[in-house]
Structure formats: structure tokens, C-alpha cells
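Trainee: Fold the following for me, if possible:
(chains A, B, C and D)
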2 protein chains.
Amino acid sequence: MFADQGFAGTSLRSIIGAANVNLAAVHYHFKSKEALLEAVVLRRLGPLNQQRLDLLNECERRAEKGGPTVEEILNAFVTPAVTLIHHTAEGCLFGKLLGRLHWETRPSFAILARKHFNPLFQRFQAALSKALPGVPAEQLLWRMHFAIGAMAHTLTSSDTLEVVSQGLCRSSDAVPELIDFLSAGFRASSPVQRRRKLSERRS
Amino acid sequence: MFADQGFAGTSLRSIIGAANVNLAAVHYHFKSKEALLEAVVLRRLGPLNQQRLDLLNECERRAEKGGPTVEEILNAFVTPAVTLIHHTAEGCLFGKLLGRLHWETRPSFAILARKHFNPLFQRFQAALSKALPGVPAEQLLWRMHFAIGAMAHTLTSSDTLEVVSQGLCRSSDAVPELIDFLSAGFRASSPVQRRRKLSERRS
DNA sequence: GTCTATAGGGGGATAGAC
DNA sequence: GTCTATCCCCCTATAGAC
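Mentor: Below is the predicted model:
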């Protein structure tokens, strides 16, 4: 319900109705509405982030000298989350919740999100930096930012894409399509000349 | 306020407080809270979408035979929106609102968003399809989906990136970085072989 | 541990005076 | 057109019986 309607848009009363419990039980077991959300998120996000790290470690261990490819690193980051959306209905909902978490603005959420995301982010930043020695730090951060946006939007809205495309795009293709797209973006060469050209054209 | 706290998270009472008006005035002039949001959005979204179409038409007119490049098309789509975030504070807020609109789930919002987004989407889909004859329709839709996610996330959260990167990434670089990244993604070749390989690795 | 009952404060919308 | 006062509902959280 948090996934579909957002935090502010979901009342505890609608939750207890769906769960056939009473209101006091929520506060007894979880203390507050925000703490309930945190519990809902953490139950699955912990294992999911661990899975991402395991995949990354594994492909680094297996890699020839020079480390894993961009595709392998992105695969470790993206796949555990994005495969959620075409498995169980529950996984699909958690995927939406996960995507939403990236742009909830309540201070307590931002803290929650960063607490469980920053270590992961830095680990993947280091791996990508090694795999892409030609990309300056600033640019790598921008590209990770874009990748997170594309991934989060896929988590929250790929069902919309299925409808808009009239069934042409299926969620089961999301992972390979996303990795193809992102890895090409990360590898993009960006001659200063071309960037200047676009800037001038805009002004 | 809608941009920062979302629709459900923003009360009319907090709005009238900030605007120094009374509650009845809102309902007299806008009829309802949802209609107020629609008015807020439409005042700026109409001109912005027109600007995107104008830019696209202009670069198509100016292009040599073969039509405009992917970069030019993406520039027409992305720039009018993303330049919002590093101009006025008001523009920055509207950028956030615009990004948020892509993943508000209330039925009335979905209708609003698609009503003003679908025509634009189809126009750009046609242009991109022409510029990328080797990319099948299904894949192009996925890539537009990813591009929208990256753009929307940039609109809503690039201030976070400025903080996380400790000032290394500045919003004024968002447009060229985004266009570099996306255009490479759109041009990506995707040998079926590689995609199968990744799929197998996952299973 | 579990429940009912209620506190105590918003929420959006509206009636009716001016 | 504008404002005050108010309706009526829903919200989170808690007290206190069992």
C-alpha cells in the first residue's frame, strides 16, 4: 500500500483493515507509522543489498586481471532489484516501494534511504571507477545518478510501459535492456568539443 | 510545496498559510485541491512542452538529409525541462514537481500526466525511430522509458547529488552530461548473444 | 500481548453573512 | 468576490480494561 499510494497517501487505518488487525497492535509492535515503513523496507532491503554486494564480489573474484566489465558491475547492481518486478506480485510491489524510496523527501526517509544506500553506492562507485579509468570522478557520479533514475523508474513504472506499448515491452526484458542501455551510457566518450557545441547552441 | 512534499503530503491549510489567503478562496477559484494542482502544473507545462516541440521541429528543419541526430532530438526533449533546475528557485521547484508527476499514482494524476505527455512522447518516438533505424520498436520504447527515468530523477534529485558529491557535480552540468549519457545508451548495439549470456548467468 | 475507546488534532469542503 | 465559522470525516497515537 505504501508502494502504490506513497507514505502520506496511505493511512494506518487502511492498512489494519486489509490486515484484519486492530490499530493498537501496530503501535504496540512497530511504535509509529514511520517505524512500520522502516520495518517493511528493511526486511527485504537488507538481503537485497547483500545480494548486490555478493554478486559484485563474485564477479570481481572471477574476473581476469583488470577487474570485471561495466556490464558485470551493473548486472550486480541492477538485477537483484529489477528481477523483483516480474516475479511475484509481492516482489513487484516491493520493487515499487524501493523505487519510490529514492525520491521520498521526508527527512526521516532521506536518512533511512542514505543509511542503507550510501555504503552500497560507494562500493559500486569504486568498482565502476576501476572499470572506467577514462571517466573523471565528476562524470562517473552523474552517470550513476542517471542509472539510479532509470532503474528506479523501471521499478516503479514499467507496468505503465507495458500498457503504453500495448504489450510490446514485457517486464521480463527489463534487465537486459537496462544493462545494455546503461553500460553504453557509462562508456560514452564525451569530447569537450561536442559538449561545448551543444551548450552554445542552447544559448 | 507540492514539489517538496508531494500531493498527499501538502495540505491546503499549509498552502493558504504561506500565501496569506483564506481557505474559501481556494475552493472558489480552483474548485478542489486536485484542480489546484492541475492549474499549477498546466500554467508551466503547456509552454514547456511547446518549447520542446519547437526545438524538435527546428532541428528537423535545419537537418541535412537523414534528419537530426540523436543528440539533437534528445536535446530538444531534455533541455527545456532540465535547465529549469539551475535557473530560478521557482524553476527548480517546478522541475521537481514535473519529475514527481511521472510517478504519482492517483488515477486523476495518471490521466493528467498522460494527457499532456502522450502526444509529446509519440512525436519524439517517431523522430528517434527515424534517427535510429537499427533499433527495433520494442527496444526504442524501453530506452525512452529509461531516458524519462534518468531525466525525472535529475529533475527531482540533482540537488541531492550536489550534496553527495560534495559540490563536485553542479546542476549546470546536468544537461550536457545527460545528453552524452542518453545518446550513447540509445545508440547501444545489443547483440542478442550478449543479452542471452547475461540472462543465463542470472538463472 | 491484545483489544476497545477515545484523546486531540488535522484534513477538505461548504453555508451563509457581507 | 471575499471572508468567517463550521460541518463532518479521517488521521496518528495512547490510555486503560482484559
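
Trainee: is stretch A:79-99 anywhere near chain B?
Mentor: Yes: using CB under 8 Å from any CB of the partner chain, stretch A:79-99 reaches chain B at A:79, A:83, A:99. For the C-beta atoms, the positions are set from N, CA and C on the backbone; glycine is no exception.

Trainee: What are the buried residues along that stretch?
Mentor: Going by neighbour count (16 or more other CB atoms under 10 Å in any protein chain shown), the buried part of stretch A:79-99 is A:79-86, A:92-99.

Trainee: So which one of the residues you listed is the model least confident about?
Mentor: pLDDT is lowest at A:His86 among these; the value there is 90.

Trainee: Not counting sequence-adjacent ones, nearest residue to that one?
Mentor: Nearest residue to A:His86, sequence neighbours excluded (CB to CB, 6 or more residues apart in numbering or on different chains): A:Ser171, at 4.0 Å.

Trainee: same deal with A:Gly67?
Mentor: A:Gly67 sits nearest to A:Lys130 (CB to CB, 6+ apart), 5.2 Å away.

Trainee: Same check on A:Met144?
Mentor: Excluding its sequence neighbours, the residue lying closest to A:Met144 (CB to CB, 6+ apart) is A:Gln125, at 6.4 Å.

Trainee: count of neighbours near the one you found?
Mentor: For A:Gln125, the neighbour count with other CB atoms under 10 Å in any protein chain shown is 14.

Trainee: Which of the helices or strands spans it?
Mentor: Assessed by DSSP states H and E, A:Gln125 sits inside helix A:107-131.

Trainee: Counting by contacts, list what that helix packs against.
Mentor: helix A:33-62, helix A:70-82, helix A:89-101, helix A:137-164, helix B:137-164 (3 or more CB pairs under 8 Å, 6 or more residues apart in numbering or on different chains; DSSP states H and E).

Trainee: Repeat the analysis, applying 7 Å as the threshold.
Mentor: helix A:33-62, helix A:70-82, helix A:137-164 (3 or more CB pairs under 7 Å, 6 or more residues apart in numbering or on different chains; DSSP states H and E).

Trainee: Report the angle between the first one and helix A:89-101.
Mentor: Taking axes from the mean of the first three to the mean of the last three CA atoms, to 10 degrees, helix A:33-62 and helix A:89-101 form an angle of 100 degrees between their directions.

Trainee: Likewise for the shortest one?
Mentor: Our comparison of helix A:70-82 with helix A:89-101, counting by the same axes, to 10 degrees, yields an angle of 110 degrees.

Trainee: Spatially central residue in chain A, please.
Mentor: Nearest to the mean C-alpha position of chain A, counting by CA atoms, centre = their mean, stands A:Ala152 at 4.6 Å.

Trainee: Report the contact partners of that one.
Mentor: If a contact means CB atoms under 7 Å, 6 or more residues apart in numbering or on different chains, then A:Ala152 has A:99, A:102, B:149, B:153 as its contacts.

Trainee: Where does chain A get nearest to DNA strand C, which residue?
Mentor: Relative to DNA strand C, the nearest point of chain A is A:Ala24 (3.2 Å; CB to the nearest atom of the strand).

Trainee: tell me which element that residue is part of?
Mentor: helix A:23-30.

Trainee: Which positions in that helix come out as buried?
Mentor: So helix A:23-30, judged by 16+ other CB under 10 Å, has buried residues A:26, A:30.

Trainee: Any chance you could list what contacts it?
Mentor: Around helix A:23-30, the neighbours that count as contacts under CB under 7 Å, 6+ apart are A:12-13, A:16, A:36, A:39.

Trainee: Buried ones among these?
Mentor: A:Leu36.

Trainee: State the pair within the contacts of helix A:23-30 that is farthest apart.
Mentor: Greatest spatial distance among those (CB to CB): A:Arg13 and A:Ala39, at 18.2 Å.

Trainee: So the closest residue to A:Arg106 other than its chain neighbours, which state does it fall into?
Mentor: Nearest non-adjacent residue to A:Arg106, counting by CB to CB, 6+ apart: A:Phe7, 7.0 Å away. Following DSSP: H, G, I helix; E, B strand; the rest coil, A:Phe7 is assigned to coil.

Trainee: I'm done for today, thanks for sticking with me.
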